[in-house]
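# sequence first, predicted model second:
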Amino acid sequence: MEFIPLEIPEVFLIKPRVFEDERGYFFESFNAQKFKQGAGFLPNFVQDNESKSTYGVLRGLHFQRPPFAQAKLVRVTEGRVLDVAVDIREGSPTFGQYVSAELSAENKHQLYIPRGFAHGFVVLSETAVFNYKCDNLYSKESEGSLIYNDKQVAINWGLDESKFIVSAKDKEAPTLEHLVPFKTL
């Protein structure tokens, strides 16, 4: 596994080593020892989630506040998405900045998103199956969101906004200016 820090170094792309032959392929999607070697720490994942979405569906930007804050390890097992993480940590030198990566069943890349980041994705293929590991359990009372089209963050989603399919809840999320920053412990 190759661990590649992105422009915000706490977020990194993971490229697995894929073994392919005439029968198909094999790769490790998670290995605790290799994760610790590559990242320098080992999250304790306690929950796995999966969603299926159609072209243009934009989910996010979501996060959980302490004490239920979550780090995530995300990947796509069918289709293709643009995955985005926005730094919302109070006092962070990269507060309000984002990083993005294309994740697909074909490239098998994964993105690690630490606590203190709002996370979302948009589907670029006909359908996409999105999988993620979380290091803390979900709590409805702790959920938060940031509006996906915040002018200050200015995310380039790679699609015309007229193509987006967004939930009513995500359309009502606050802007960065009105968001209570994420307090790190």
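Yep, it's here.
# make it CA atoms for all contacts and neighbour counts henceforth
Will do.
# quick one, longest helix in the protein?
helix 32-39 (DSSP state H).
# mind giving me the packing neighbours of the helix or strand that that helix is followed by?
Next along the chain after helix 32-39, taking DSSP states H and E as the criterion, comes strand 47-54. On a contact count with 3 or more C-alpha pairs under 8 Å, 6 or more residues apart in numbering; DSSP states H and E, strand 47-54 meets strand 127-134.
# the strand it packs on pairs with which strands?
strand 47-54 (antiparallel), strand 72-78 (antiparallel) (DSSP bridges).
# redo these as CSV? Include mean neighbour count.
What follows is the strands paired with strand 127-134, written out as CSV (neighbours: other C-alpha atoms under 10 Å):
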stretch, mean neighbour count
strand 47-54, 14
strand 72-78, 23
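# got a pLDDT number for the residue most central in space within the chain?
The residue lying closest to the centre of the chain (C-alpha atoms, centre = their mean) is His119, at 4.7 Å. His119 carries a pLDDT score of 98 in this model.
# which residues pair with it across the strands?
His62, Ala85.
# quick one: contacts for it?
His119 sits next to Gly60, Leu61, His62, Phe63, Asp83, Val84, Ala85, Val86, Ile113 when contact means C-alpha atoms under 8 Å, 6 or more residues apart in numbering.
# what does Pro67 give?
Contacts of Pro67 by C-alpha under 8 Å, 6+ apart are Ser142.
# that one should be in a strand, yeah?
No - assessed with DSSP: H, G, I helix; E, B strand; the rest coil, Pro67 is coil; it does not lie in a strand.
# now do it against Ala32, distance only.
For Pro67, the distance to Ala32 (C-alpha to C-alpha, to the nearest Å) stands at 24 Å.
# got it, and Ala173?
35 Å.
# again, but for Pro114
Shown here: Pro114 relative to Ala32, a distance of 16 Å by C-alpha to C-alpha.
# helices or strands up against the longest helix of the chain?
Looks like helix 32-39 contacts strand 2-5 (3+ C-alpha pairs under 8 Å, 6+ apart).
# mind listing what's buried along the strand it packs on?
Across strand 2-5, burial judged by 16 or more other C-alpha atoms under 10 Å covers Phe3.
# next helix or strand past it?
Counting by DSSP H and E, the next helix or strand C-terminal to strand 2-5 is strand 12-15.
# pairing partners for that following strand, with directions?
strand 2-5 (antiparallel), strand 110-113 (antiparallel).
# rank these by mean pLDDT and give me the bottom one.
Taking the mean pLDDT of these, strand 2-5 comes last: a mean of 94.
# good, wrapping up.
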